[in-house]
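**Student:** Next comes the sequence, and after it the predicted model I'd like to discuss.
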Amino acid sequence: MTLPRPKTEDFGARLSFDRGSPGRRAVDVPAWAGDERPLPDTHLLRDSLRLPELSQGELVRYYTALSARNFGIDSGTYPLGSCTMKYNPKVDDLVASSAGFATAHPQSPAEEAQGTLRTLLELRRGLGEATGLPAVSLAPAAGAQGELAGVLMITRALEDRGELETRRRILVPDSAHGTNPATAAMAGFAVTQIPTAADGSLDRATIEQELDESVAAVMVTAPNTLGLWEQGIEDVADLIHGAGAYLYGDGANFNAIMGRVRYGDLGFDVVHLNLHKSFSTPHGGGGPGAGPVCCSEELAPYLPTPVVEECEDGLVRLTAPERSIGQLQQFHGNVGVLIRAYAYMRALGLKGLRAVSGQAVLNANYLRVLLHGHYDLPYDRPVLHEVVFSGSRQRREHGVRTYDIAKRLIDHGFHPPTVYFPLIVEEALMMEPTETEPPEAIEAFAAAMIAIAEEAEEDPEELHGAPWTAPIGRLDEATAARRPVLRWQEEGADSPA
Amino acid sequence: MTLPRPKTEDFGARLSFDRGSPGRRAVDVPAWAGDERPLPDTHLLRDSLRLPELSQGELVRYYTALSARNFGIDSGTYPLGSCTMKYNPKVDDLVASSAGFATAHPQSPAEEAQGTLRTLLELRRGLGEATGLPAVSLAPAAGAQGELAGVLMITRALEDRGELETRRRILVPDSAHGTNPATAAMAGFAVTQIPTAADGSLDRATIEQELDESVAAVMVTAPNTLGLWEQGIEDVADLIHGAGAYLYGDGANFNAIMGRVRYGDLGFDVVHLNLHKSFSTPHGGGGPGAGPVCCSEELAPYLPTPVVEECEDGLVRLTAPERSIGQLQQFHGNVGVLIRAYAYMRALGLKGLRAVSGQAVLNANYLRVLLHGHYDLPYDRPVLHEVVFSGSRQRREHGVRTYDIAKRLIDHGFHPPTVYFPLIVEEALMMEPTETEPPEAIEAFAAAMIAIAEEAEEDPEELHGAPWTAPIGRLDEATAARRPVLRWQEEGADSPA
Amino acid sequence: MASPADGAANGGAPHPYIPATEADRARMLERVGVPDLDALFSDLPAAFRDPAIDLPTALTEPELIALLEERADENADPARPNFLGAGAYRRSIPAIAAHLTARSEFVTAYTPYQPEISQGTLQSAFEYQSVVCELTGMDVSNTGLYDVASATAEACLLAVRATKREAVALLEPIHPGTAEVVRTYSRGAGLRVDLVPSVSDLTEEHACLVVQQPDFLGAIVDLEPLAEAAHASGVLLVTVADPFALGLLRSPGEAGADIVTGEGRDLAGGPGFGGPSLGLFAARSPFMRQMPGRIVGRTQELYPPPDGAGEPRTGYVLTLQAREQFIRRERATSNISTAQALIALAFTITTQALGPRGLREAAELCYQRAHDASARIAALPGYETPERGPWFQEFLVRGPVPAEDLAAELRARGIGPGLDVSARPEPEAREALLFAVTEATPNAHVDALVAALAEIGGGA
Amino acid sequence: MASPADGAANGGAPHPYIPATEADRARMLERVGVPDLDALFSDLPAAFRDPAIDLPTALTEPELIALLEERADENADPARPNFLGAGAYRRSIPAIAAHLTARSEFVTAYTPYQPEISQGTLQSAFEYQSVVCELTGMDVSNTGLYDVASATAEACLLAVRATKREAVALLEPIHPGTAEVVRTYSRGAGLRVDLVPSVSDLTEEHACLVVQQPDFLGAIVDLEPLAEAAHASGVLLVTVADPFALGLLRSPGEAGADIVTGEGRDLAGGPGFGGPSLGLFAARSPFMRQMPGRIVGRTQELYPPPDGAGEPRTGYVLTLQAREQFIRRERATSNISTAQALIALAFTITTQALGPRGLREAAELCYQRAHDASARIAALPGYETPERGPWFQEFLVRGPVPAEDLAAELRARGIGPGLDVSARPEPEAREALLFAVTEATPNAHVDALVAALAEIGGGA
Ligand SMILES: Cc1ncc(COP(=O)(O)O)c(C=O)c1O
Ligand SMILES: Cc1ncc(COP(=O)(O)O)c(C=O)c1O
């Protein structure tokens, strides 16, 4: 006994530009009560501007409806591997948004921003302690910019050593995040790919073989994107240093080892962290993040500007290291994110940070054993923060791809894990439950994965159409790229860009 | 090509009490670092407390999920008649929540709360101007409390006139909101119901007939719950006064006439307003509201305490009127709501308030003409802020009740109108679009209503099962009342209260 | 640029809150068949139409923000030490309470008349009822009334209905605001309100005895003997309890109370000059159908979900509505309609975030901090902190100068003193100020207070 | 009561952010088959395990709030007049921007890798791209980069790729921070960065000419002749435009720019000591597949909705990903991954709330307020406001005392002076401070500034 669902609006077809009506407005602008000065000559002025015209209530409804078409951590389990999607404490947003922080002008003299500066100083010190790399710049806006900073610091160190002309290669494992090779290239280096050994670790033999006077650095993700620790990395570090190169650490997965081992102690020269991962600042649908870069004393003079320092007069100031690679942004980085990260660090303390890594790793292993046998596990061994399964069996035996599995998970109420990454695992399903998921949620997620494995056996064809219960069905990504429509166009003028 | 929707959780069956696990917690409490003093004797102390134990992330997810199971104004058109559901400006929430307002202690000396007090004073003055009843107390927490205040003021005035013993009746039209007779009874009066005339107005003849020395007051909703103005109310006021009684105005529908006519000018003695309706403060799912009471100079000495006054020394103070009925609350009313209402009044000004009533009335009439012919219109004439249709034809001809129509509207994406009220209209559908709905939304709502009228003709049986697309299906209200379960019980102990 | 609100009224741009443009309006008027807006108001009496009304002109949003920021700054500095309590206490509210309560699906909803799309409000209200029952030891809670005082007045009216007696007794010391409101509400019903110093003043004329816990001067009341004495005369015991203190104190229900009221505001948000407030109201089950206010009940779907995927699911609805004004009209148990739902939601989230251990710990911290402050003050030469038995968070301070002067001296030093209770009859209150120190009072504020008192004492 | 974080680490209560209890953990460890948490870390080198780390102990939420409130108070009073601009301007942000941006579905989502449950982020980003294209006059926008300076550096790298030239020219006066960042980013690529005082310094070695609009000293630049001169040498024109000023000024696209960058932070929220920021980046369509950053495209469902109720619906996806690091790796157009999505959302809502007329009106109000302030200052004896042509919101002030002293005198009077630009080469900047006055500068602040300058002038 069901009437058809009334034909629903094609919500996505109508942008805010297509709503409202000419003349409506969502806010008013105060009138100018003083004398009117003449405007500049009209050839300098705009004569038209097309923007939506909606009343305030309409605009609020539109974006509220859009938010309801989004899945966030507060909506449910979001086990994207490598992305470390965990609960974002609301108090961090609260403290960061107080007027004293929010209105501080970036050009303020240090005296007028001691509250912000001292907070940044203590964050800097905490990160230096936690990584064992005491020299830190908080300037990078995200992990990739942190990487760029680190590689440019190596560039500059080599320049000072007179070896920049000769050391033109950076070794990067094939399991590395895409930002690693992209950064190396952006910094002007040639990238040599290092294969992953059968046990999921760096292929030591290839490294030894490749390490020569043309190598500037080795970039290693630690733990790596398989959720595994590079065993013996401290010896590799010696090798690398012996060859006159630097060891760069991608510390985006620092959450796995916080409080348990320190990059500096193991011989890493420079590392970036992703505070929007390990330190739980919100992702915001793609930023803002923060990617501080931490390094040894040797590389400290090259750190990006600014570095926060406590001066002899007791004031905290922003300073430019002696041989700094320079600024990365017009001002001082994503300060609001840094304040949140500081709040997170203070809410946890050392024991808390150790509890984070402990529980994150236990959760990943718990998921590993729950799914064991249901999906292929190419590197079948205990993991750290994440575990990478493969949908190869499902693909081979039932023609069900990882893509289908991911989409079907949506019907089960979960955000899918990262798929098809790392590239070295076929049909990869890379899962990171993080420490903020309760065991019940991990069990429910595993149950959904197992149910899908059964559906793949019983109704393989059917899975290709998933999801059915999302705000929208499976989307045509190929056409989007082939005939790109990248902006609103007036009705009728909807031609590709 | 669709797999069954995975069996979804029976979300409502699991309260926060049933989630989490013993020992989890969502916030920590600071430790006490000083000396520990002994606690009071244990017979004064609690030995157990059952509350949910969830981590912070779990609790956030639970209430976020609950919010997604709610429809608010920001979700779409919400045309509840008499309830005046309109866009709630976000800026009002912002200004009311600033620390200076939020932390003011209610026992503060006036000197320390001038910001709040001056705001309340200006609101009081504005409401006095707008209603033409200059004496105002902002104390009542909602409309019903405003009514109680008003009737008690009349009580006290009669007492002073020595007529309280004799004047024991209040006349209330049968179209009145339930709070009117309930209030009259709570204040100790007998209620005499006045029927509504065929044109939807007060039956003047009955009033004249009933008006005698036993009558304390007549309570009139103006405009009334049919969305109609009581024509000639100013003459009725004379009659009432002539009989020694008072005219109480239920001003909950003031939004229809703001800026166009004033209660005081027409002879109303006392009126309450619903700021959470006319002045667009949020409803919050059932409050907080604010129901200021405005009265003539004659009744001013009886106003509830406190009244905000500007004193000769320039300070604004809370005062107790001479013959006040007393306090209605421990402190001074829902101040946070009053600040929002003040912000709303200032954002609109007189012209804006006139624009509100003008557009609200146009919107109601627009809806009236759009639905004309599709549903019965018992009082077929131009209306003010709302229009009351009837589903009688659908019931008679197709067995489809207003209840079914309301539930089916949910499938169309709208909140249903008020149903089965006013009681004098059979199968009533009482609709108030308010001025913040754009014409397109009114058209879409009318189209949905018309589509349902067609469904009622074609598939009447089917409508009884609606809604199908809501977070939950039609609920069994009868069993809920017969076997009340009113609180969480430990698993297994789920017996009725 | 025209002043913003001119628009909608005079044909210019519409106000941001009102979407219809002049063109929209023209189209609509034509469809309605009237020439202009004025025509729609023709039922209003012509002689009184469009009066002159003196209201300030409209402000744009930035102007409004600036004005109200200025106003907020005219209140006392929020960071200043302040020891006022006496019915409103500073609490640590978890950040998630404000975050979740601000979700617009909660904020912008009406009373949940359509349960299928109001489960958020309804299920939260059921959570609230459950929390209130656990805290108070009662069987049934409504979804909340306006504030503690009006809730207590409603409790008296219920007791009167239930016992058919016509007087109520309030045990001193009780908050004067509560007593006042009971008087106001009793005015209509023609009840007698007796403020009694002792339970021995109860008679069989009294419908109920109202006892505040902790009492107005801060003392913890041993409720059980009071309940016994009241019940012995057929009098109901109404307890007005601070729900925060109930994290530590025995539940009134266990001690024998019949009805419990309380103020929820402090656990929901800031004092806000007193409101929005939240009146807790819970009772034993025999009074269920006599309760005022909304009550939410649990039920099931009438039909299984349409996809055939299972059994009827659980949902929540407003229930026992036959008590309420919109059905029962003049025979309703109360006239209340709109109450304080959003504040109840914040209250629920705070108590649930604290959880059973957190609420206890917070109450103990409050107790410890207050007792420590009191001891430090008592140790100052010239000061006493007269006690009336065990107490929770409020204490009396008598200093070397009269209460009024002590208060003035503290104010002159930038400290908000406790309430002046020197006019009260209790001997301990003579020349005393009533100070509140809670779990949320910063240590530095207590230090400042002690230092200021010492200084005042030294100069005396 | 144990310190909160002890719990999870030592067997007591878990931390509020970590749900698993000791019992949960025991059950999980057993299933995993290891005796304790430490066993899970056995791959880490034993010699370096569990080092001493010196971090402050954990704070509970109320302690954390208190600490950070105290810190915030150590910054300058937010209400103090402040005339710093130079890259960060105070704006009136509509209240709805913060309200909507705070919706946790937006805040707590990742980069939208799964479009079916990320339409909120994706469709908003498409709105953003559309707004940026309209404002800048460009064909294609990405979803935003880190900030204006890094976006400008990316623009230079794009120009270098597109023209295969190895030098870039920045036209003075340009923000020194922007110039610095272009240098940093050029370091790796080995590019030459020339700061040029005039367009006549362009050569055929230059990939692009970067021009700031308005320029660093506030002047409005006539872009068209610059575009013509640049194009004549095969040089691309990159314009670094203030998107707010574009409410009034001709779009760079119309004037001939090839790439436009800009800073979006000021229209998204407060200055926040500089960040989070938002780098606008838009270009003409030939550069589409050379752009850095994420781009969102419109598409359709592959299948019609399952209820058979209609045609495939419209949705949004990340597209043109073949440019990006996670596919193209070392051949990507940039290494950028996480950017500033939430800030872009706030920017979009602000610009759309203002709408076409509001943005124009706000820019005009800004212009009028700034020009009025400048005229009032110029009228003071001893003061000049040297102009370099038409200008928007920033002006130079030269006073009766050296710039440094003028700044110090203003600070002593509780006023934040404009930036000291006296060391710059432009003659107008000699001994001058650069003041910003915007639509959001309160009148009272301007009055206070004028009074203070008069006082300083009188004393000189
Ligand atoms: C291992 C790893 N490295 C680097 C990055 C790049 O960080 P970001 O996205 O903050 O630029 C990420 C995440 O995207 C990552 O997971
Ligand atoms: C006409 C009318 N009168 C009185 C009331 C009672 O107001 P409140 O709900 O604020 O108590 C209402 C609304 O519920 C109403 O619509």
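**Tutor:** Noted; the coordinates are in hand. Ligands and ions are numbered 1, 2, ... in the order given.

**Student:** The spatially closest residue to A:Val271 that is not a sequence neighbour and chain D, how far apart?
**Tutor:** Once flanking residues are discounted, A:Val271 sits nearest to A:Gly249: 3.8 Å by CB to CB, 6 or more residues apart in numbering or on different chains. C-beta here means a position set from N, CA and C on the backbone, and glycine is covered the same way. A:Gly249 sits 14 Å away from chain D, going by CB to the nearest CB, to the nearest Å.

**Student:** so A:Gly249 makes contact with A:Leu273?
**Tutor:** No - using CB atoms under 8 Å as the test, A:Gly249 is too far from A:Leu273 to be in contact (9.5 Å).

**Student:** neighbour-wise, which of the two wins?
**Tutor:** Set A:Gly249 next to A:Leu273 and count neighbours by other CB atoms under 10 Å in any protein chain shown: A:Leu273 wins out with 32 against 29.

**Student:** wait, the more buried one sits on A:Gly146?
**Tutor:** Yes - using CB under 8 Å, A:Leu273 is in contact with A:Gly146, at 7.2 Å.

**Student:** what do those two both touch?
**Tutor:** The contact sets of A:Leu273 and A:Gly146 overlap at A:291-292 (CB atoms under 8 Å, 6 or more residues apart in numbering or on different chains).

**Student:** Now do the same contact list for C:Val238.
**Tutor:** C:152, C:155-156, C:159, C:208-211, C:257-261.

**Student:** If you could redo that for A:Ala447, that was the one I meant.
**Tutor:** Going by CB under 8 Å, 6+ apart, A:Ala447 touches no other residue.

**Student:** Recalculate using a threshold of 10 Å.
**Tutor:** A:Ala447 is in contact with A:370, A:412, B:6, counting by CB atoms under 10 Å, 6 or more residues apart in numbering or on different chains.

**Student:** Just the ones of the residues you listed in strands?
**Tutor:** The strands, defined by DSSP state E, take in nothing from the contacts of A:Ala447.

**Student:** rewinding a little: most neighbours among the contacts of C:Val238, please name it.
**Tutor:** For the contacts of C:Val238, the largest neighbour count, defined by other CB under 10 Å, is 36 neighbours, found at C:Thr152.

**Student:** didn't that one look like it was pressed against C:Leu145?
**Tutor:** Yes - at 9.3 Å, C:Thr152 counts as touching C:Leu145 under the criterion of CB atoms under 10 Å.

**Student:** Near the one residue in the stretch 151-300 of chain C that gets nearest to chain B, how many residues? Count them for me, please.
**Tutor:** The stretch 151-300 of chain C approaches chain B most closely through C:Gly274 (2.8 Å), counting by CB to the nearest CB. C:Gly274 has 25 neighbours, counted by other CB under 10 Å.

**Student:** and if you look at C:Glu455?
**Tutor:** Neighbour tally, C:Glu455, other CB under 10 Å: 13.

**Student:** Mind listing the shared neighbours of C:Thr152 and C:Leu145?
**Tutor:** C:261, C:279-281.

**Student:** for the most centrally placed residue in chain A, what are its contacts?
**Tutor:** When CA atoms, centre = their mean is applied to chain A, the residue found nearest the centroid is A:Cys83 (5.7 Å). Residues counted as contacts of A:Cys83 (CB under 10 Å, 6+ apart) are A:252, A:274, A:276-277, A:283, A:386, A:417-418, A:430, A:432, A:434, D:110-111, D:113, D:338.

**Student:** quick one: which of the residues you listed is nearest A:Pro140?
**Tutor:** Nearest to A:Pro140 among the contacts of A:Cys83 is A:Asn274, at 9.8 Å by CB to CB.

**Student:** Roughly how far does the closest one sit from A:Ala185?
**Tutor:** 20 Å (CB to CB, to the nearest Å).

**Student:** Who has more neighbours out of these two?
**Tutor:** A:Asn274 (28 against 24).

**Student:** I figured that one was touching A:Thr221, is that so?
**Tutor:** No - with contact defined as CB under 10 Å, A:Asn274 does not reach A:Thr221; the gap is 11.3 Å.

**Student:** any common contacting residues for the two?
**Tutor:** Common neighbours of A:Asn274 and A:Thr221 (CB under 10 Å, 6+ apart) are A:82, A:250-253.

**Student:** before we move on, back to that, among the contacts of C:Val238, which ones lie close to ligand 2?
**Tutor:** Subset of those in contact with ligand 2: empty, counting by CB under 6 Å from any ligand atom.

**Student:** Those in helices, which ones?
**Tutor:** Mapping these onto helices (DSSP state H) picks out C:152, C:155-156, C:159.

**Student:** ok, those vs A:Thr166, which is closest?
**Tutor:** Nearest to A:Thr166 among these, with distances taken as CB to CB, is C:Thr152, at 86.0 Å.

**Student:** Distance of the residue nearest to that closest one when sequence neighbours are not counted relative to chain A?
**Tutor:** Closest residue in space to C:Thr152, ignoring its immediate chain neighbours: C:Thr261 at 4.7 Å, by CB to CB, 6+ apart. Distance of C:Thr261 to chain A, computed by CB to the nearest CB: 31 Å.

**Student:** Residue of the stretch 101-250 of chain A nearest chain B, please.
**Tutor:** A:Ala102 (13.3 Å).

**Student:** what about that residue, how many residues close to it?
**Tutor:** Counted with other CB under 10 Å, residues neighbouring A:Ala102 total 19.

**Student:** the domain parsing of the chain - what is it?
**Tutor:** Since no chain was named, I'll use chain A. Domains of chain A are assigned by automatic domain parsing as A:91-347, A:349-470.

**Student:** if you could check chain C rather than the one you did, that'd help
**Tutor:** C:95-349, C:355-459.
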